[in-house]
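A.B. asks: what shape does this take:
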Amino acid sequence: MLIGRTELEPGEHDLVGRFALAPAFGQVDLSNCELEQIHLAGSIQPSGALIVAREPDLVIVQASENAAAFLGVRDAVPGRRLAALPGDLATRIAPHLAEPLDVLPAAVRCRIGDPPAEFDGLLHRPPAGGLVIELERAGPAVDLSRDVGRGLRAILGSGSLQALCDEAARIVRGITGYDRVMIYRFDEAGHGQVIAEERRPEIEAFLGNRYPASDIPQIARRLYERNRVRVLADIGYTPVPLTPVMSPMTGAHLDMSLCFLRSVSPIHVQYLKNMGVAATLVASVMVGGRLWGLISCHHYQPRMVHFEVRAVCELLAEALATRIAALESFAQGQAEIAVRRLEQRMIEAISSKGDWRSALFDSTQAVLRPLGASGAALLFEGDVLTVGDTPGTPQLRAIGAWLDQRPAAPVHATASLGLDAPQFAAVTSIASGIVAAQISNTPGEYLIWFRPERVRTVTWGGDPHKPVVIGDNPRDLSPRRSFAQWHQIVERTCEPWTTADITAARLIGDTVTDVVLQFRAVGTLVAQDQLEQVRAQVEHSDQPVVIGNAQGRIILANAAFKRMLPANFSVPPRIDDLASCCAERAETRRRLADLIANKRAWRGEIALRTENGGTLPLLVRADPVFSTPTRVLGFVLLFTDLTERRAGEAARRSFQERIVAGHRMVAGPIESAPDLLFQTLLSTIVENAQLAALEITDGADLAHMPELLESVRASVARAAEVLEHLIQHSSRSAGKEG
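C.D. replies: Numbers count the residues shown, from 1 in each chain. The predicted structure follows:
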């Protein structure tokens with residue numbers, strides 16, 4: 001593990017229903033450490049001082065015991081007004097008092113003491129009220145133009161996830177100076193893996209090591225979503241308590257969730273000692289509103305990094321998250337392109353050969369590449385077709401029956417079929433993993449992809465089955481002491497299916513479902529003796545469809561189509577009469593008349609009028625069906641609701657408007673150096689976000705597009721705010737030095 005057992009977020013104890021029984025900070029062992037009230041630590045690391053001021057009179061009501069000595073103040077600090085402290089602290093924080101300060105602390109450079117010394121201060125408001133001010137010795141300035149500017153440009157220019165993470169690790173180590181910097185990614189099961197690393201050459205490499213999900217419990221990970229950068233300067237520190245212990249304003253412990261000086265859980269400290277680590281910095285990487293991974297820094301001697309370096313790390317983590325979102329969406333977009341090509345080939349096969357299956361299972365293996373599968377099988381209308389390496393027909397039919405018994409879902413996926421269903425253990429060598437998409441409402445009809453067993457060695461950072469050491473006393477539980485690489489042979493599983501694989505399977509499944517529906521609709525025209533059977537299949541489809549004969553008269557409109565019509569509308573007798581249900585009647589009628597008269601296929605959009613006076617946007621796929629090149633049997637019209645896609649487009653437009661309008665200089669003439677630097681760096685951040693937005697909106701997952709765009713916008717907003725604080729702080733620092 002790289003991080004160790006960590007702290008709980010405020011309110012987590014309510015979630016588990018045992019808040020009243022939660023042990024106090026420092027009074028836990030590994031049997032109950034998930035309940036430790038770490039945000040109520042009641043003490044700080046001695047690398048700074050903390051004071052709490054009551055508002056609005058700004059009287060200091062609580063302070064760390066080292067406050068007077070650390071700040072160079074002769075008398076006790078509690079009970080004094082901020083303005084009474086020697087120096088300009090009260091003056092410096094005054095411009096920030098109107099800010100919320102409940103999510104992102106504000107930074108100030110001030111002088112305190114007699115004689116005065118320079119300090120960096122971070123201000124925030126805890127949920128119960130009051131103003132928390134953390135103070136540390138002023139640190140050296142960061143060259144924003146060189147270090148941050150180059151870093152942002154390098155992140156923007158990375159074309160792959162691996163290159164991006166390698167570059168991010170290199171940039172962060174160059175700026176922070178830690179002995180080791182790692183990019184740590186969580187998988188779907190919560191396990192972590194070091195996917196990029198920069199380190200001193202003489203220390204052991206952790207690259208590729210995996211760490212079990214139990215090392216960072218789910219309930220603890222939520223803290224990283226709120227407090228994005230955490231620092232431990234010296235593992236051997238002696239905690240400095242707050243005085244008084246309880247807040248005079250609330251009568252309870254101070255909520256220290258956003259305090260960078262907050263004491264660290266003794267369990268976490270012991271874990272790091274077992275690793276031989278003396279100092280750490282951890283920055284969260286949030287992608288799509290979830291904790292994607294961490295930037296984890298280790299040092300083998302005590303190391304304090306000051307505010308500007310910490311702010312730069314947070315800024316780079318936000319830029320890294322934005323670029324990851326773009327790359328993941330781009331990969332899904334590429335899969336969608338491959339799916340659309342496959343769809344076109346199936347449609348052409350229907351016209352030329354009368355059967356779409358020949359395009360799906362030809363020698364090009366086009367159906368395998370989007371998922372990286374070794375084989376695929378189609379179970380359709382009692383037949384079984386295969387390509388690549390697959391189990392035999394009896395086993396395939398048995399797999400189809402097993403899938404029928406599982407809860408309904410667009411896609412079923414497992415990397416360990418033989419473990420999930422022992423009756424299929426015999427086919428593990430070629431079908432350890434399957435992804436199955438149901439292609440119709442008929443039982444047993446699936447498109448299934450296969451991957452073979454991949455016996456592999458997984459390298460863990462210590463034995464994952466021995467996370468603790470038990471002493472003579474049951475309370476003497478200690479985090480594991482050995483972090484030597486531990487190798488595990490993994491059998492009866494395949495290479496895990498990724499989110500992109502599942503998305504590609506869903507897209508291909510949806511396409512095949514559409515083609516199946518169209519093929520069966522054609523069957524109503526080809527074989528009248530099977531009309532009732534096919535009519536039922538079409539009628540119960542969730543996809544709206546209309547079928548017309550060669551003269552354009554409607555012979556079938558399924559229930560899904562009828563449900564879209566307003567209550568006062570009935571299905572018209574002819575295809576071109578459908579225009580009466582649309583907002584743009586003339587253009588729609590012209591297109592439908594051309595379909596019937598000239599036998600030309602039509603792909604377009606219509607606005608169907610709704611009962612409340614609005615419109616429903618629909619994509620229309622209208623095709624003539626030929627029995628011979630010159631004889632048409634009739635027409636098939638499929639309709640797709642575009643509401644979700646329009647919502648995605650609206651989200652993209654809103655994103656562009658907000659991203660352009662929402663970020664500007666707060667004050668000052670454009671020719672001032674800080675403002676110019678702000679605009680230069682911000683333009684890089686915005687460019688990164690706009691590129692991410694383009695790649696996200698080109699992606700396959702329309703349902704999550706607004707969520708992803710909002711995640712990118714939030715990252716840009718936070719990065720802009722961090723950058724503004726950083727430049728204002730840096731310019732004030734430079735002014736004093738001048």
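A.B. asks: residue 187 reaches residue 497, doesn't it?
C.D. replies: No - shown here, residue 187 and residue 497 do not form a contact pair, counting by Cβ atoms under 8 Å, at 11.5 Å. C-betas here are computed from N, CA, C, even on glycine.
A.B. asks: which residues are common contacts for these two?
C.D. replies: Common contact partners of residue 187 and residue 497 (Cβ atoms under 8 Å, 6 or more residues apart in numbering): none.
A.B. asks: neighbour count winner among those two?
C.D. replies: Ranked by neighbour count (other Cβ atoms under 10 Å), residue 187 and residue 497 place residue 497 first, with 23 against 13.
A.B. asks: is residue 139 in a helix, a strand, or coil?
C.D. replies: Using DSSP: H, G, I helix; E, B strand; the rest coil, the structure places residue 139 in coil.
A.B. asks: nearest residue to it in space, please, no chain neighbours.
C.D. replies: residue 306 (2.5 Å; Cβ to Cβ, 6 or more residues apart in numbering).
A.B. asks: how near is residue 645 to residue 136?
C.D. replies: Distance of residue 645 to residue 136, given as Cβ to Cβ, to the nearest Å: 50 Å.
A.B. asks: the two: who's more crowded?
C.D. replies: Neighbour count, other Cβ under 10 Å: between residue 645 and residue 136, residue 136 has more, with 20 against 16.
A.B. asks: sheet partners, orientation included, of the helix or strand containing the more buried one?
C.D. replies: Element membership for residue 136 (DSSP states H and E) is strand 131-137. Strand 131-137 sits in its sheet next to strand 49-54 (antiparallel), strand 117-124 (antiparallel), going by DSSP bridges.
A.B. asks: mind listing what's buried along that strand?
C.D. replies: Residues of strand 131-137 classed as buried by neighbour count (16 or more other Cβ atoms under 10 Å): 131, 132, 133, 134, 135, 136.
A.B. asks: for the closest residue to residue 147 other than its chain neighbours, which residues are in contact?
C.D. replies: Sequence neighbours aside, residue 175 is the residue nearest to residue 147 in space, at 5.3 Å (criterion: Cβ to Cβ, 6+ apart). When contacts are counted by Cβ under 8 Å, 6+ apart, residue 175 touches 142, 147, 151, 309, 312, 313, 316.
A.B. asks: quick one: low-confidence parts of the stretch 601-738 of the chain?
C.D. replies: 648, 660-671, 698-703, 734-738 (pLDDT under 70).
A.B. asks: please redo it, this time with the cut-off set to 90
C.D. replies: 604, 608-616, 626-631, 633, 640-738 (pLDDT under 90).
A.B. asks: now do the strands in it.
C.D. replies: Remark: strands assigned in the stretch 601-738 of the chain by DSSP state E, counting those that start in this stretch are 602-609, 615-628, 631-641.
A.B. asks: if we can go back for a sec, could the strands paired with strand 131-137 be laid out in TSV, adding distance to residue 416?
C.D. replies: Formatted as TSV, the strands paired with strand 131-137 follow (distance: least, Cβ to Cβ, whole Å):
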stretch	distance to residue 416
strand 49-54	50
strand 117-124	46
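A.B. asks: who wins for proximity to residue 325 among the ones you listed?
C.D. replies: Proximity to residue 325, assessed across these by Cβ to Cβ, is greatest for strand 117-124 (27.2 Å).
A.B. asks: tell me the secondary structure for residue 205?
C.D. replies: coil.
A.B. asks: what's the burial count for residue 394?
C.D. replies: There are 9 residues near residue 394, going by other Cβ under 10 Å.
A.B. asks: may I have the secondary structure class of it?
C.D. replies: Under three-state DSSP, the three-state class of residue 394 is helix.
A.B. asks: quick one: contacts for it?
C.D. replies: Neighbours of residue 394 in contact, by Cβ under 8 Å, 6+ apart: none.
A.B. asks: ranges for the helices of the stretch 351-500 of the chain?
C.D. replies: For the stretch 351-500 of the chain, the helices defined by DSSP state H, counting those that start in this stretch occupy 357-360, 393-404, 417-420, 428-431, 499-526.
A.B. asks: angle of the longest one against strand 615-628?
C.D. replies: Taking axes from the mean of the first three to the mean of the last three Cα atoms, to 10 degrees, one finds that helix 499-526 is oriented at 60 degrees with respect to strand 615-628.
A.B. asks: helices of the stretch 201-350 of the chain, start to end?
C.D. replies: Going by DSSP H, counting those that start in this stretch, the stretch 201-350 of the chain shows helices at 218-226, 266-275, 307-353.
A.B. asks: would you list these in TSV and tack on mean pLDDT, distance to residue 454 and mean neighbour count?
C.D. replies: Formatted as TSV, those follow (pLDDT from 0 to 100; distance: least, Cβ to Cβ, whole Å; neighbours: other Cβ atoms under 10 Å):
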stretch	mean pLDDT	distance to residue 454	mean neighbour count
helix 218-226	71	27	17
helix 266-275	82	31	20
helix 307-353	80	21	21
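A.B. asks: closest one to residue 112 among those helices?
C.D. replies: Closest to residue 112 of those is helix 307-353 (Cβ to Cβ; 15.3 Å).
A.B. asks: what angle separates that closest one from strand 117-124?
C.D. replies: 40 degrees.
A.B. asks: what separates helix 307-353 from the chain centre, distance-wise?
C.D. replies: 13 Å (Cα atoms, centre = their mean, to the nearest Å).
A.B. asks: go on, stretch 230-249?
C.D. replies: 33 Å.
A.B. asks: between the two ends of it, what distance do you get?
C.D. replies: Across stretch 230-249, the terminal residues are separated by 27 Å (Cα to Cα, to the nearest Å).
A.B. asks: for stretch 620-637, same thing?
C.D. replies: Start-to-end, stretch 620-637 (Cα to Cα) is 7 Å.
A.B. asks: show residues contacting it.
C.D. replies: Stretch 620-637 is contacted from outside by 351, 518, 521-522, 525-526, 545-550, 552, 555, 575, 578, 591-592, 595-596, 599-606, 638-640, using Cβ under 8 Å, 6+ apart.
A.B. asks: buried sites along it?
C.D. replies: So, applying 16+ other Cβ under 10 Å, buried residues of stretch 620-637: 620, 621, 622, 623, 624, 625, 632, 633, 634, 635, 636, 637.
A.B. asks: farthest-separated two in these?
C.D. replies: Maximum distance among the buried residues of stretch 620-637 (Cβ to Cβ): 19.5 Å, for 620 and 633.
A.B. asks: which residues touch residue 161?
C.D. replies: Counting by Cβ under 8 Å, 6+ apart, residue 161 touches 324, 327, 328.
A.B. asks: so it versus residue 266, what's the distance?
C.D. replies: Taking Cβ to Cβ, one finds residue 161 at 36 Å from residue 266.
A.B. asks: and this protein, what are its domains?
C.D. replies: 12-305, 336-452, 527-641, 647-737 (automatic domain parsing).
A.B. asks: now those domains in TSV, with distance to residue 511?
C.D. replies: Listed next are the domains of the chain as TSV, based on distance: least, Cβ to Cβ, whole Å:
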stretch	distance to residue 511
domain 12-305	25
domain 336-452	4
domain 527-641	12
domain 647-737	12
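A.B. asks: the nearest residue to residue 239 once chain neighbours are set aside: neighbour count?
C.D. replies: Sequence neighbours aside, residue 43 is the residue nearest to residue 239 in space, at 3.8 Å (criterion: Cβ to Cβ, 6+ apart). Residue 43 has 22 neighbours, counted by other Cβ under 10 Å.
A.B. asks: OK, contacts around the residue lying closest to residue 221 once chain neighbours are set aside?
C.D. replies: In space, and not counting its chain neighbours, residue 221 is closest to residue 291: 5.5 Å by Cβ to Cβ, 6+ apart. Contacts of residue 291 were listed using Cβ under 8 Å, 6+ apart, and they are 186, 221, 222, 224, 225, 284, 285.
A.B. asks: pLDDT wise, what is residue 291 at?
C.D. replies: Here the pLDDT value assigned to residue 291 is 88.
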